[in-house]
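# based on what follows, work out the 3D shape:
(one chain, ligands or ions: 1)
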Amino acid sequence: MSNPLLDTTDLPAFDRIEPSMIEPAIKTILQENRNRIQQLETIQEVSWETLVEPLELIDDRLSKAWSPVRHLNSVKSSDELRGSYNRCLPLLSDYSTEVGQNRSLYEGYRKLAESSSFAKLEPAKQKAITDSLQHFELAGVGLNTEKRKQFQEIQSSLSELQSTYENNLLDATQSWELVIDSKEQLSGLPDYALSMLQQYAETKSLDGYRLTLEMPCYIAVITYADDRELRKTIYQAFTTRASDQGFTDSKWDNADIMCEILQKRQQKAELLDFSNYAELSLQTKMAKDADEVLKFLQDLARRSLPQARQEFEQLQEFARTQGFEEPLQAWDLAYFSEKQRQHLFKFSDEDLKPYFSDNRVINGLFGIVEKLFGVNFEQVEQGIELWHPNVRFYRILDAEANLVGQFYLDLYARENKRGGAWMDECISRYVIDEHEQIPVAYLTCNLTPPIGDQPALFTHDEVITLFHEFGHGLHHMLTRVDVPEVSGISGVEWDAVELPSQFMENFCWQREALDLFARHFETDQPLPQALFEKMLAARNFQSAMQMVRQLEFSLFDIRLHQQTQIDSAEQIQHILDQVRQEVAVVIPPAFNRFQNGFSHIFAGGYAAGYYSYKWAEVLSADAFSRFEQEGIFNQAIGREFLDCILQVGGMRPARDSFVCFMGREPEIDALLRHNGIQNHQ
Ligand code: ZN
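From the prediction side, this is the model:
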């Protein structure tokens, strides 16, 4: 039988991919790529067609073979699959470092950049070449042989360490459960949550209610359980995952892994002549340097902190009116906040959920995108291989019915699926030799699954999450750039990449947009105006507290990566404690090991880049203000957004794309207004 991973001409063959096929396929492709590179090293006449295009094609084949593997490892993990995946990581990392350090290729790109033909190339190609040169330099192409080897070793161990960190977190998360027999002990939990916990128990052939650390369960218990001890138990289990403090096996403790990751990153930065890793990380971002980032974060902190402290005092005061006299602890916050929110605005998440049923929400989202950007959606139910029966597949067509993009939609939380929500590239857009490759995306969420015969009913937050990821998907799929290095989200600065995603979130707060989908799943009645007004009034409830929490994570991340020496997990804890002293309104208990589960910065790509969420929110809020002023479904502005931002990918600096759309530099006011931060000084 032929290996389906080697056939990259079509969509991935999810029905046929076996873990045993992964390593051989990746090894074959890497070998073929190396052979091709050897040929390219000897070409005499360097041009776009002789050097860059062949490299684009071999890169593309590798990424198309690897993307379904990476994806399956996230959404349908098993020991066997993870084993194969992990064995490939060092192979891929070695290959990528080797290409990045290839001097012949680098010289070829330099010749191309310095040749007279460079100026005649289209802008996207020029940007691709300039980006590639920087990529070579940051991969250590300029180092001597010995240092190049060191660099390779660092890269390779970093990739393994980061993967171990993520796996420890997943294993620790999945290893914890608590089975509760009596409904009384779960008093306060809404019906949907009780059904969900019963369903969790049934999957393990157990009676009663099974609590896990999966997000929908954790949120439900920490928000609604009247039993304070139970809230503390789940809070403690959740915030000590993969640590020395946990209820779970210490073999999953990430403490040493974090130290090693930080040490390796520092070594890498030093090899490239940067004083610390933050400096290296910011080379490829829109923010100029760590100072600019720190100033940005501290400015937001200064504006938000007084209000955040006030919000916390009000919460404490509210708890007192409920007969709760003690100081609020971390495991009380969500619980009393929800009670306070209900008291102030007279509604709860549960009141909204019947209006957010899965199919209506999806169709509404499509309707909004159709209005704004003039594209249509079509579900394909036959002939597509999927990894789970709940996954759906869609095509996007333009106004002339041309296929422009396709995507998989995997909405619900389930076991063996990594938590959180994300968009990942399956296939990227390019046009080479008149062949147009249509982009394909994976859109993955962990939303509340359907219970029994009912459709899945989402919280408003879950709807926002879906819109967010869809914004990333649009960025990837609606691009019109032909050059793969800078099409879609490729080549877009990390701190600008959240612009389209956070932009899409805004529609979840607009009556006109909600009217397209917020209808009662049983009666088809639209969302009552009174409920909508309560929802708006509640929008900025505790927004300053949420703001400072994000600033806490961002400051911790950037400061941590400015350190030149990390010797112990205590030191990491100390930096986090310091940041909390500055910006947190609630200091978590000493057992809290948030950092051991902060995979964004330790396993994902957000190292010295977590501030990007807030940075891009300035851009997205500012951009959305044009729609607020001129009509949220204003097609002319929608098309401008498409032209200036969504379609251009990374073919020019994000700042230029922003200025193209707004006609000026970004301003912070819209963000503060959207967040209801009063202190504008
Ligand atoms: Zn995002």
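# can we go C-alpha only for contacts and neighbour counts from here?
Noted.
# if the residue positioned nearest the centre of the chain is in a bridge, with which residues?
Nearest residue to the geometric centre of the chain (C-alpha atoms, centre = their mean): W422, 4.7 Å. Following DSSP bridges, W422 is listed with bridge partners T444.
# for it, which residues are in contact?
Neighbour list for W422: 443-445, 469 [criterion: C-alpha atoms under 8 Å, 6 or more residues apart in numbering].
# so which of those wins on neighbours?
Highest neighbour count within the contacts of W422: T444, with 27 neighbours (other C-alpha atoms under 10 Å).
# how close does the residue nearest to the centre of the chain get to H600?
Here W422 is placed at a distance of 12 Å from H600 (C-alpha to C-alpha, to the nearest Å).
# over to A290?
Taking C-alpha to C-alpha, one finds A290 at 18 Å from H600.
# ok, those two, which is more surrounded?
Neighbours were counted for A290 and for H600 using other C-alpha under 10 Å; A290 has more, 19 against 14.
# pretty sure the more buried one sits against I558.
Yes. With contacts counted by C-alpha atoms under 8 Å, A290 reaches I558, the gap being 7.4 Å.
# any common contacting residues for those two?
Counting by C-alpha under 8 Å, 6+ apart, the shared contacts of A290 and I558 are A278.
# start and end of stretch 350-368, how far apart?
25 Å.
# list the buried residues for it?
For stretch 350-368, a neighbour-count test (16 or more other C-alpha atoms under 10 Å) marks 352-358, 360-361, 364-368 as buried.
# right, and the helix or strand after the helix or strand containing E313?
For E313, the enclosing helix or strand under DSSP states H and E is helix 290-321. Once the chain leaves helix 290-321, the next helix or strand it forms, by DSSP H and E, is helix 330-345.
# residues touching that following helix, excluding its own?
222-225, 228, 231-232, 235, 315, 318-319, 347-348, 534-535, 537-538, 541, 586-589.
# helix or strand next in line after the lowest-mean-pLDDT helix or strand in the chain, which one?
Lowest by mean pLDDT, DSSP states H and E among the helices and strands of the chain is helix 349-352, with a mean of 89. Using DSSP H and E, the helix or strand that follows helix 349-352 towards the C-terminus is helix 358-373.
# now that following helix: how far from the chain's centre is it?
Offset of helix 358-373 from its chain centre (C-alpha atoms, centre = their mean, to the nearest Å): 21 Å.
# what's the average pLDDT for that helix?
Here helix 358-373 scores 97 as its mean pLDDT.
# and what of stretch 551-562?
98.
# buried subset of the contacts of helix 330-345?
222-225, 231-232, 235, 315, 318-319, 347-348, 534-535, 538, 541, 586, 588.
# mind checking which of those residues land in helices?
222-224, 231-232, 235, 315, 318-319, 534-535, 538 (DSSP state H).
# could you identify the most distant pair in these?
Farthest apart among these by C-alpha to C-alpha are K232 and K534. That separation is 30.2 Å.
# give me the low-pLDDT residue ranges for this structure?
1, 679-681 (pLDDT under 70).
# neighbouring contacts of the strand ranked longest in it?
Selection of the longest strand in the chain by residue count, based on DSSP state E, yields strand 403-412. Strand 403-412 is contacted from outside by 390-398, 438-449, 477-478, using C-alpha under 8 Å, 6+ apart.
# what's the answer for stretch 467-483, then?
124-125, 128, 365, 404-406, 421-423, 425, 428-432, 439-444, 487-489, 497-498, 500-505, 508, 646-649, 651.
# out of the residues you listed, which end up buried?
Taking 16+ other C-alpha under 10 Å as the criterion, what is buried in the contacts of stretch 467-483 is 124-125, 128, 365, 404-406, 421-423, 425, 428-430, 432, 439-444, 487-489, 497-498, 500-505, 508, 646-649, 651.
# next, the angle from the helix holding E313 to helix 330-345.
Angle of helix 290-321 versus helix 330-345, following axes from the mean of the first three to the mean of the last three C-alpha atoms, to 10 degrees, is 70 degrees.
# ok, which stretches of the stretch 401-550 of the chain are helices?
Using DSSP state H, counting those that start in this stretch, the helices of the stretch 401-550 of the chain run over 460-477, 499-505, 511-514, 529-539, 543-560.
# looking at the ones you listed, which is nearest to L297?
The minimum distance between L297 and those falls on helix 543-560, with 6.4 Å, by C-alpha to C-alpha.
# now do that closest one against helix 290-321, angle only.
140 degrees.
# against which helices or strands is helix 543-560 packed?
Using 3 or more C-alpha pairs under 8 Å, 6 or more residues apart in numbering; DSSP states H and E, the elements in contact with helix 543-560 are helix 290-321, helix 569-583.
# list the buried residues of the longest one.
In terms of neighbour count (16+ other C-alpha under 10 Å), helix 290-321 has its buried residues at 290, 293-294, 296-298, 300-301, 303-309, 311-312, 315-316, 318-319.
# angle of it against helix 569-583?
Helix 290-321 runs at 70 degrees relative to helix 569-583, counting by the same axes, to 10 degrees.
# show me what helix 290-321 is packed up against.
Applying 3+ C-alpha pairs under 8 Å, 6+ apart, one finds that helix 290-321 makes contact with helix 330-345, helix 543-560.
# export the last one to CSV, keeping only CA atoms.
Pointing back at helix 543-560 there. Output in CSV follows, covering the C-alpha atoms of helix 543-560 (Å, rounded to 0.1, in the frame of the first residue of the first chain):
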residue,chain,number,x,y,z
SER,A,543,-13.1,44.7,32.2
ALA,A,544,-10.3,46.5,34.0
MET,A,545,-9.7,43.4,36.1
GLN,A,546,-9.5,41.3,33.0
MET,A,547,-7.2,43.9,31.4
VAL,A,548,-4.7,43.8,34.3
ARG,A,549,-4.7,40.0,34.2
GLN,A,550,-3.7,40.0,30.5
LEU,A,551,-1.1,42.7,31.4
GLU,A,552,0.2,40.4,34.1
PHE,A,553,0.8,37.6,31.7
SER,A,554,2.3,39.9,29.1
LEU,A,555,4.7,41.6,31.5
PHE,A,556,5.7,38.3,33.0
ASP,A,557,6.5,36.9,29.5
ILE,A,558,8.6,39.9,28.3
ARG,A,559,10.5,40.3,31.6
LEU,A,560,11.2,36.6,31.8
